[in-house]
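Chemist: What follows is a protein structure lacking sequence information:
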């Protein structure tokens, strides 16, 4: 079944309401490896200890997130061939350690790369505090629909990714992922069997389960909080990235940072073991 661009763009907004508590906030941080190297580090304890608990800013991407809606057969998407392409997070106010939130997700655009070349789908999710309706975060996501190209839609006009500098980075930091990282991270809401079931991973073309893209994204966010914000998660305002290659649990991720204009930095993430860039075209904005 070919996707219908007109139907996609007219698809009704997907509304969601979710509550979360301090346990969820700590579990998300643990899923990103916080405290794994040094559980006594006060910079780690602020994200995993209920005393003066803070939420990592990238937790916004798992909050009030509707599950499985892109698998709606009316959309005509070959869901098993869908890959997460890009993530853009704009934080309007610091993410609270617990709360009651609502969200609205809309399909914004779709681009046809041609027969056998797939398609690109762009969505936007607005998250608000349920009681006050104050905006908390805006999340833009793109998806590569590997099996859905050639439906006759437009091919040009997709957003241009942020350029990566060619000079030497100003700073780097390494995070070693655990071999069980995906088992823990999935408890924050992404239960896609691609990340835990070897048979599903093989059907998708991988020799073993891969790490969640948003887990790698969260690790990049941890690096930005450390390198740009002196450990103060409330200072990070934006984090954009393009997913380039899968990450396998147990790999070491090296985040390279280039400081640019005041309050802005470029970054990319590579697998040290495979010497491959896995996240590229990274953009971070923060309060100086």
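Modeler: Yep, it's here. Just so it is clear, the structure is predicted and the values come from calculations on it, not from any experiment.
Chemist: drop to CA atoms for contacts and neighbour counts, all remaining ones
Modeler: Fine.
Chemist: if I look at the one residue sitting closest to the centre of the chain, how far off is residue 257?
Modeler: With distances taken as CA atoms, centre = their mean, the chain has residue 214 as the residue nearest its mean C-alpha position (3.5 Å). Distance, residue 214 to residue 257, using CA to CA, to the nearest Å: 19 Å.
Chemist: what number of residues lie near residue 91?
Modeler: Residue neighbour count, defined by other CA atoms under 10 Å, stands at 23 for residue 91.
Chemist: thinking again about what came up before, next one: the residue nearest to the centre of the chain from residue 157, what distance?
Modeler: Distance from residue 214 to residue 157, by CA to CA: 25 Å.
Chemist: Likewise for residue 48?
Modeler: 42 Å.
Chemist: cool, residue 237 as well?
Modeler: 26 Å.
Chemist: List phi and psi for the closest residue to residue 153 other than its chain neighbours.
Modeler: In space, residue 153 comes closest to residue 112 once its chain neighbours are excluded; the distance is 5.1 Å by CA to CA, 6 or more residues apart in numbering. Taking degrees, to the nearest 10, you get phi -100, psi 120 for the backbone angles of residue 112.
Chemist: if I pick residue 112, what's in contact with it?
Modeler: Shown in contact with residue 112 (CA atoms under 8 Å, 6 or more residues apart in numbering): 118, 119, 120, 149, 150, 151, 152, 153, 154, 155.
Chemist: residue ranges of the strands in the stretch 101-250 of the chain, please?
Modeler: Ranges of strands within the stretch 101-250 of the chain are 119-129, 135-145, 171-176, 236-243, based on DSSP state E, counting those that start in this stretch.
Chemist: would you turn the ones you listed into TSV with mean neighbour count and mean pLDDT?
Modeler: As requested, these are exported to TSV (neighbours: other CA atoms under 10 Å; pLDDT from 0 to 100):
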stretch	mean neighbour count	mean pLDDT
strand 119-129	21	97
strand 135-145	21	97
strand 171-176	16	96
strand 236-243	24	98
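Chemist: okay, the ones you listed in TSV with distance to residue 164 next?
Modeler: TSV is the format used below for the strands of the stretch 101-250 of the chain (distance: least, CA to CA, whole Å):
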stretch	distance to residue 164
strand 119-129	22
strand 135-145	19
strand 171-176	14
strand 236-243	11
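Chemist: right, so of those, which gets closest to residue 271?
Modeler: Set against residue 271 and scored by CA to CA, these come closest in strand 171-176, at 9.7 Å.
Chemist: Touching the closest one from outside, list them.
Modeler: Counting by CA under 8 Å, 6+ apart, 219, 223, 227, 250, 251, 252, 253, 254, 255, 256, 257, 258 sit against strand 171-176.
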